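# quick one, what's the 3D model for this:
(one chain, ligands or ions: 1)
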Amino acid sequence: MHRLEFPDDFLWGTATASYQVEGAGHEGGRTESIWDTFARMPGKVYAGENGDLACDQYHRYEEDIGLMAELGFQGYRFSLAWPRILPQGTGTVNEEGLDYYRNLCKELHKHDIKACATLYHWDLPQGLQDKGGWTDRFIVDAFAEYVKVCYEGLGDLVDQWITINEPFCITYLGHLWGHHAPGFTDIKLAVKAIHHVNLAHGIAVKTYRETGLKAPIGITLNLATPRPATNSKGDKQAALIARAVESEVFLYPLLGKGYPELAVQALGVSFPVEPGDLEIMAEKIDFIGVNYYSESAVGQDKEAVFKYSGKPTWHDTTDMSWPIVPGGLERLLTWVHEVAPGIPMYITENGYARQDHIETDGRIHDRERIEYLKQHLEVCTALIKAGVNLKGYYAWSFLDNFEWAFGYTKRFGIVYVDYATQKRIPKDSAYFFRDVIAGYAEW
Ligand code: FCB
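Okay, here's the model as predicted:
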């Protein structure tokens, strides 16, 4: 028999993000974000879908939190919608927006669930995009103003803060590959965005320290440590370049190491670093959040932009076509443990997309998702035994939701959402987590 053993103080949580679940797109004083705009651009989001209604969590958070409590979750990672709190991006505060999050946190606490707030999970107010968004340095001050409002309005209720979710997606997917809002495809803009996102994170931590609040603050990175497709010298070098370009440009500045030379060379554009920036980016954080779904194999590719490209693998894949590689989580966290020794880590997202449907017994028997979770949780226990300072795990996602460019076609929830009725139905994986959290993770 397998039995998963976790330390008693290990935090079991589940995660979502504002634009993906809240809905109420035009209510409560919220203005539009870059995702509202992007979703309207022809061909950008599957079938032109958008987050106007999503899972309607804005009106259903009490029911959702009740269900989290029934399953035994101890933490809920949600994100704050900037356009709900500061509708113009800066300036006038919308108290109704803050009240929504105050009520959400209070409801969580009523059920003994910790509130983990991500300050930025991609819904930049459109008004700030119109001024240049992440590509213009003014955004750093705008972010500082926004986070200060959040700390003042919610600081007594939030138990864990995350500054920014997945700088990789904001910068590369949003500014180089065009798959995410704002949909740009320009390496120069992407490199500026990388630097401004890193700076905004640092300013957010600095501003936080000035408030005297004590809850831990960190960042969530979707780091990638691609493995070389073969053991040739060229492929090994390709893997190092990939790691530098995709991960080190975000992780190293946090650790006071600045930008890695390998990445600067591969990108071919220099970062717009000004005096004092390196210190700001390296403001001390309390933890590193890591999102992990998959690992790829890369090889040398002279034709590719950065001289490497992904290679086919033999692994089974999820509905996202992402290869299932639990060993990749081990390699990734071991690497972070080596380069950032002692900094506590949380898995802030991990999960599985599947074409779930309600079966004849009215339930959702998502065996493949459970299998994936078992394998990844086993890796977590092994890492903890090996001395990696892993403090908690947030399952992505609590609910099926708006999966960005894929619209509602990809279901990541451990709870099924019937979008026609907004009915929530816990999938088998939700009951799997109930057992894991209760200490009966065995099979
Ligand atoms: C991550 C995002 C999250 C969700 C998952 C599947 O990149 O942070 O919002 O879409 O992927």
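
# use CA for all of it now, contacts and neighbours both
Will do.

# number of nearby residues for the residue lying closest to Glu248 once chain neighbours are set aside?
In this structure, Glu248 finds its nearest non-sequential neighbour in Pro260, 6.7 Å apart by Cα to Cα, 6 or more residues apart in numbering. Pro260: 17 surrounding residues under other Cα atoms under 10 Å.

# quick one: contacts for Ala47?
By Cα atoms under 8 Å, 6 or more residues apart in numbering, the contact list for Ala47 reads Gly407.

# helix, strand or coil for it?
At Ala47 the chain is in helix, as set by DSSP: H, G, I helix; E, B strand; the rest coil.

# so how far is Ala239 from the residue nearest the centre of the chain?
Geometric centre of the chain, nearest residue: Asn165, 4.3 Å, by Cα atoms, centre = their mean. Going from Asn165 to Ala239 by Cα to Cα, to the nearest Å gives 24 Å.

# over to Ile34?
Applying Cα to Cα to Ile34 and Ala239 gives a distance of 33 Å.

# what of Asp8?
Asp8 sits 37 Å away from Ala239, going by Cα to Cα.

# compare the two (neighbour count), which wins?
Taking other Cα under 10 Å, Asp8 and Ala239 do not tie; Ala239 has more neighbours (25 against 8).

# pop out the phi and psi values for Thr14.
Per-residue torsions, Thr14: phi -140, psi 160 (degrees, to the nearest 10).

# so what pairs up with it in the strands?
Beta bridges link Thr14 to Tyr76, Ala395, judged by DSSP bridges.

# ok, it touching Ser397?
Yes - if you go by Cα atoms under 8 Å, Thr14 and Ser397 touch, sitting 6.2 Å apart.

# so what sits against both of these two?
Joint contacts of Thr14 and Ser397 (Cα under 8 Å, 6+ apart) are Glu349.

# these two - which one has more neighbours?
More neighbours surround Thr14 than the other of Thr14 and Ser397, with 26 against 23 (other Cα under 10 Å).

# in the stretch 201-350 of the chain, which spans are helices?
Ranges of helices in the stretch 201-350 of the chain, per DSSP state H, counting those that start in this stretch, are 233-243, 249-254, 261-267, 277-281, 326-339.

# winner for burial among those helices?
Among the helices of the stretch 201-350 of the chain, helix 249-254 has the highest mean neighbour count (mean count of other Cα atoms under 10 Å), at a mean of 24.

# helices or strands up against that one?
Packed against helix 249-254 by the contact rule (3 or more Cα pairs under 8 Å, 6 or more residues apart in numbering; DSSP states H and E) you find helix 187-211, helix 277-281.

# save those helices as JSON lines, and put in mean pLDDT too.
Formatted as JSON lines, the helices and strands packed on helix 249-254 follow (pLDDT from 0 to 100):
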{"stretch": "helix 187-211", "mean pLDDT": "98"}
{"stretch": "helix 277-281", "mean pLDDT": "98"}
